[in-house]
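>>> Based on what follows, work out the 3D shape:
(2 chains)
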2 protein chains.
Amino acid sequence: MLKLSEYPFHTLRNTSWEDWESNNILVRAWYIRQELAWAYNYLPLGFKVIEKIKKTIREHLEKIWSLEIQMTALGSRDHWEKTGRDQMEILFKVPFSDGKYNFLNPTHEEIVTPLIKEFIKSYKDLPLSVFQIQSKFRNEKRAKSGILRWREFLMKDMYSFHTSLEDLEKYYQKAIQAYHDIFKDLGIGNDTYLTYASWWTFSKYSHEFQTLTPIGEDTIHVDKEKKIALNKEIINDSDVKSEFSNYSFIEENASEIGNIFQLGTKFSDPFEMKFIDNNWVSQQIYMWCYGIWVSRCMWIVAEKLQDEKGLVRPKNIAPYDVYVIAIGDEKINQEAEKLISILENKGLSVIYDDRSISPWIKFKDSDLLGIPSKIIVSEKSIAAWWYEYEERSTWDKKIITDENFDILLKTI
Amino acid sequence: MLKLSEYPFHTLRNTSWEDWESNNILVRAWYIRQELAWAYNYLPLGFKVIEKIKKTIREHLEKIWSLEIQMTALGSRDHWEKTGRDQMEILFKVPFSDGKYNFLNPTHEEIVTPLIKEFIKSYKDLPLSVFQIQSKFRNEKRAKSGILRWREFLMKDMYSFHTSLEDLEKYYQKAIQAYHDIFKDLGIGNDTYLTYASWWTFSKYSHEFQTLTPIGEDTIHVDKEKKIALNKEIINDSDVKSEFSNYSFIEENASEIGNIFQLGTKFSDPFEMKFIDNNWVSQQIYMWCYGIWVSRCMWIVAEKLQDEKGLVRPKNIAPYDVYVIAIGDEKINQEAEKLISILENKGLSVIYDDRSISPWIKFKDSDLLGIPSKIIVSEKSIAAWWYEYEERSTWDKKIITDENFDILLKTI
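Residues are numbered from 1 along each chain as shown, chains lettered A, B, ... in the order given. Presented below is the predicted three-dimensional model:
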């Protein structure tokens, strides 16, 4: 239970210094605070949401047999020099006290390839998939838009290793499905499209997951019925035109929340990562990588799922399950605390607003935070509101009696 | 279930390149791999152990009403300049593409103070305690010993804010107890001592939690009966000598796994962090900080809790609960998988060793990894071994029948 009287909780009415709504609302609701340009601290509520997004991602990736690991944020310069990517401007260069320097990793292909290489001997060791959820660092000159590219941000990056393109294709299909399931659970499944984009090598396209939003940094062409999209950057390619001639596209703003790159042997080659096939012949290993912009997901969900009162969070990524408001004297508080222990015994997490302030502020704050259920304990009655997935307009309100209390517990 | 036939699992027999045993054994058991000097990648088993250590810490800190947050790894140079600590050699300086530079935070006083300042208005908002578990970065010239100081490592850092020294003292007592409980749950409670050490300002002593270990970088003087210790650095101080004259100390090697510093107003002063008291007067805020070396804890536990066969992990920080070995044909594998689904339904996590290799290697590996329970499914019988907290010498072995299977499930 988060007891607000013991917590310096002052939501903000206005934040004029933020120029886009999702950030504004997250700041007002005390989810986040900026540390430096494009790097944010997560306050208790924001931290809980991020943990829930991580949990959702983990559950779906474990189903496709990916193993979670944690690689370092500091990357060895030797590794980056192997692929020639040590020249990328995006790399933060970190001088060490021994006079040398290393890097802050903006992505982990250069780390995961030599790491996994050690363990792959024969075809029996493949396929293998590993992932991590971790802070990435990019030395961006300036943000292209509020949420596109930050200097420090959370990312889920998964890497899979295969004996053949056929094997890789099979895993890719599973990963696509896992991604759709993840975005559905985050409450933005309906507006998220598998999007074809350009790619520098190996495969014809890379794949992005783009979510429609007016603040998006990308423009995509969407066929909403066939659930597919093309990134604007490839739309004028004649091959693309003929390949997708049967689709009816419309132009939309969108933000990239996931991507999948066919790396092929781009990284396994320089690191000489090979396997022994069943004829004892040494063969190339094929790699794919799969990203999800974890912190960006929190912003996008805030941007998309809000109304004039505040955040409207899907149950599984709400920071708490129930917001309990006590209005009245000490006796009412005792009543509320009894109710809260029942809720907590049912496994529900609770924000308890027992502050000595106007009920009006309590109502406002409870709306702003996006907690999907609200219970008001007052002299006259106990009343409960809750809303269904994604929509506060479906608020249901009940006066609680002993009879319908069980129904309430099942609904929340 | 971690199915080893689908996982490139090759534990190492020897690792001559590591110069100290806990690292050696963690590398052999495929828990960790070095990325660069004093920065380690966590492989799936190591990652799970770290997550369990985090869970243990969280549970105890939530009991003393500390709220979890996550601050950035990149720290604003402005913040570090405010306290004059921007000159510390230990700070990694990170050049930004706009020509300025910022820092990688080695600790977060400079970040947490201005962050929390925003929310503290009056005495009603205090006390407040927040913590995070996060990677820290230190530009170390060279490691003083294998585990003392790394360039990148996980730390739990908690910060508490108070209206008075009396209030702070009350919270300090709770924190001390939480720390003792945490180290007990990690299996090293018996050998961990609250240790008085020197401190540069404000308070007479700082407090460390030191665990006895031959690889420790510190020397402490311990009174094992009275459960207290002094860091060697203060032992010749005449004040100390008289204050602790009633204790019988012996000298031991130890490693610091936790610390508590009375910061007083050292950070609240430069950031002008104040509160309004109940007479509407602006007053100073007192701060304490409390650290736990999270990744070091994994190493220390490995160092202390092992025998000639391998790691011996306490149940609550073992990467998996049960190691199931199948010896035989496809029919035995089916038998084993039936058993595993019973175990998993009971909430137990399982490593399933179905590899087509010698049973001897499976036995060796299961011993090395430190999984507290082992079940062998073979043609003749199902046999189970398990050991109690901290000691494999208490291995209990049972042939499982329908009658004692329930007992087994309760024991594991």
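>>> In which helix or strand does the residue in the stretch 201-350 of chain A positioned nearest to chain B reside?
In the stretch 201-350 of chain A, no residue comes nearer to chain B than A:Phe275, which is 9.5 Å away by Cβ to the nearest Cβ. (Each C-beta comes from the backbone N, C-alpha and C, glycine too.) Element membership for A:Phe275 (DSSP states H and E) is strand A:274-276.
>>> so what does the helix or strand following that strand touch, helix or strand wise?
Under the assignment DSSP H and E, the closest C-terminal helix or strand after strand A:274-276 is strand A:282-284. Judged by 3 or more Cβ pairs under 8 Å, 6 or more residues apart in numbering or on different chains; DSSP states H and E, the packing partners of strand A:282-284 are strand A:274-276.
>>> Return the list of helices and strands in contact with the strand it packs on.
By 3+ Cβ pairs under 8 Å, 6+ apart, strand A:274-276 packs against strand A:282-284.
>>> Provide the strand pairings for the strand it packs on, with the direction of each partner.
Strand A:282-284 has the following strand partners under DSSP bridges: strand A:274-276 (antiparallel).
>>> Give me the buried positions along the partner strand.
For strand A:274-276, the neighbour count (16 or more other Cβ atoms under 10 Å in any protein chain shown) marks A:Lys274, A:Phe275 as buried.
>>> Report the distance from that strand to the chain centre.
35 Å (Cα atoms, centre = their mean, to the nearest Å).
>>> Mind listing residues that contact it?
Applying Cβ atoms under 8 Å, 6 or more residues apart in numbering or on different chains, the contact partners of strand A:274-276 are A:Ile120, A:Lys121, A:Ser122, A:Tyr123, A:Asp125, A:Leu126, A:Thr163, A:Ser268, A:Ser282, A:Gln283, A:Gln284, A:Ile285.
>>> From A:Ile120, how far off is the residue nearest to the third one when sequence neighbours are not counted?
The spatially closest residue to A:Ser122, leaving aside those adjacent along the chain, is A:Ile276, at 4.5 Å (Cβ to Cβ, 6 or more residues apart in numbering or on different chains). Relative to A:Ile120, A:Ile276 is positioned 9 Å away (criterion: Cβ to Cβ, to the nearest Å).
>>> With A:Ile32 instead?
For A:Ile32 relative to A:Ile120 (Cβ to Cβ), the value is 40 Å.
>>> For the spatially most central residue of chain A, which residues are in contact?
Ranked by distance to the mean C-alpha position of chain A (Cα atoms, centre = their mean), the top residue is A:Val294 at 3.0 Å. A:Val294 sits next to A:Ile50, A:Ile53, A:Lys54, A:Ile57, A:Ile133, A:Phe153, A:Leu154, A:Met155, A:Lys156 when contact means Cβ under 8 Å, 6+ apart.
>>> I'd assumed A:Met298 was in contact with the second one.
Yes - at 6.4 Å, A:Ile53 counts as touching A:Met298 under the criterion of Cβ atoms under 8 Å.
>>> now chain A, which segments are flagged as low pLDDT?
Where chain A drops to pLDDT under 70, the residues are A:14-22, A:142-149, A:200-202, A:386-412.
>>> can you rerun that using 80?
Low-confidence segments of chain A, defined by pLDDT under 80, span residues A:9-23, A:142-149, A:199-204, A:380-412.
>>> in the longest strand along it, what's buried?
Scanning chain A for the strand with the most residues, using DSSP state E, yields strand A:250-264. Residues of strand A:250-264 classed as buried under the neighbour-count rule (16+ other Cβ under 10 Å) are A:Glu252, A:Ala254, A:Ser255, A:Glu256, A:Ile257, A:Gly258, A:Asn259, A:Ile260, A:Phe261, A:Gln262, A:Leu263, A:Gly264.
>>> Distance to B:Gly187 added to the residues you listed, as TSV?
Formatted as TSV, the buried residues of strand A:250-264 follow (distance: Cβ to Cβ, whole Å):
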residue	distance to B:Gly187
A:Glu252	55
A:Ala254	50
A:Ser255	46
A:Glu256	45
A:Ile257	41
A:Gly258	40
A:Asn259	42
A:Ile260	42
A:Phe261	42
A:Gln262	45
A:Leu263	41
A:Gly264	46
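>>> so which of these comes closest to A:Leu26?
Of all the buried residues of strand A:250-264, A:Ser255 has the smallest distance to A:Leu26: 15.2 Å, by Cβ to Cβ.
>>> residues near the closest residue to that closest one other than its chain neighbours, how many?
Using Cβ to Cβ, 6+ apart and skipping the chain neighbours, the partner closest in space to A:Ser255 is A:Gly216 (3.8 Å). Burial of A:Gly216 is recorded as 21 neighbouring residues (other Cβ atoms under 10 Å in any protein chain shown).
>>> Could I get the buried residue list for whichever helix or strand A:Lys241 is part of?
In this assignment (DSSP H and E), A:Lys241 forms part of helix A:238-243. Residues A:Val240 are the ones in helix A:238-243 that count as buried (16+ other Cβ under 10 Å).
>>> What of stretch A:340-351?
Using 16+ other Cβ under 10 Å as the test for burial, stretch A:340-351 gives A:Ile340, A:Leu343, A:Val350, A:Ile351.
>>> Checking my notes, A:Trp30 in a strand, right?
No - counting by DSSP: H, G, I helix; E, B strand; the rest coil, A:Trp30 is not found in a strand; it is coil.
>>> Which residue comes closest to the residue in the stretch 151-300 of chain A positioned nearest to chain B once chain neighbours are left out?
Distance from chain B to each residue of the stretch 151-300 of chain A (Cβ to the nearest Cβ) is smallest for A:Glu152, at 5.1 Å. In this structure, A:Glu152 finds its nearest non-sequential neighbour in A:Ala39, 4.1 Å apart by Cβ to Cβ, 6+ apart.
>>> Next: A:Ser160.
Nearest non-adjacent residue to A:Ser160, counting by Cβ to Cβ, 6+ apart: A:Ser129, 4.1 Å away.
>>> Can you get me a residue count around A:Ser248?
10.
>>> Need the three-state assignment for it.
Applying three-state DSSP: A:Ser248 is coil.
>>> For it, give its distance to A:Asp223.
Distance from A:Ser248 to A:Asp223, by Cβ to Cβ: 6 Å.
>>> Show me the strands paired with the helix or strand containing A:Tyr196, marking each as parallel or antiparallel.
Per DSSP H and E: A:Tyr196 is located in strand A:192-197. Using DSSP bridges, the strands paired with strand A:192-197 are strand A:206-212 (antiparallel), strand A:228-231 (parallel).
>>> Please name the residues that touch A:Tyr247.
A:Tyr247 touches A:Asp223, A:Lys226, A:Ile228, counting by Cβ under 8 Å, 6+ apart.
>>> Would you mind checking those for buried ones?
Applying 16+ other Cβ under 10 Å to those flags A:Asp223, A:Ile228 as buried.
>>> Among the contacts of A:Tyr247, which one lies nearest to A:Tyr172?
Proximity of the contacts of A:Tyr247 to A:Tyr172 (Cβ to Cβ) peaks at A:Ile228, which lies at 15.7 Å.
>>> got a list of what the closest one touches?
A:Ile228 neighbours (Cβ under 8 Å, 6+ apart): A:Tyr193, A:Leu194, A:Thr195, A:Tyr196, A:Val222, A:Tyr247.
>>> ok, which stretches of the stretch 101-250 of chain A are strands?
A:101-104, A:128-137, A:152-162, A:192-197, A:206-212, A:218-223, A:228-231, A:250-264 (DSSP state E, counting those that start in this stretch).
>>> tell me the angle the last one makes with strand A:206-212.
In this structure, strand A:250-264 runs at an angle of 150 degrees to strand A:206-212, with axes from the mean of the first three to the mean of the last three Cα atoms, to 10 degrees as the basis.
>>> per the record, what domains does chain A have?
A:2-7+A:320-411, A:31-306 (automatic domain parsing).
>>> Mean neighbour count, these: which tops it?
domain A:31-306 (a mean of 19; mean count of other Cβ atoms under 10 Å in any protein chain shown).
>>> got the end-to-end distance for it?
14 Å (Cα to Cα, to the nearest Å).
>>> residue furthest from the geometric center of chain A?
Chain A, Cα atoms, centre = their mean, max distance from centroid: A:Asn279 (43.0 Å).
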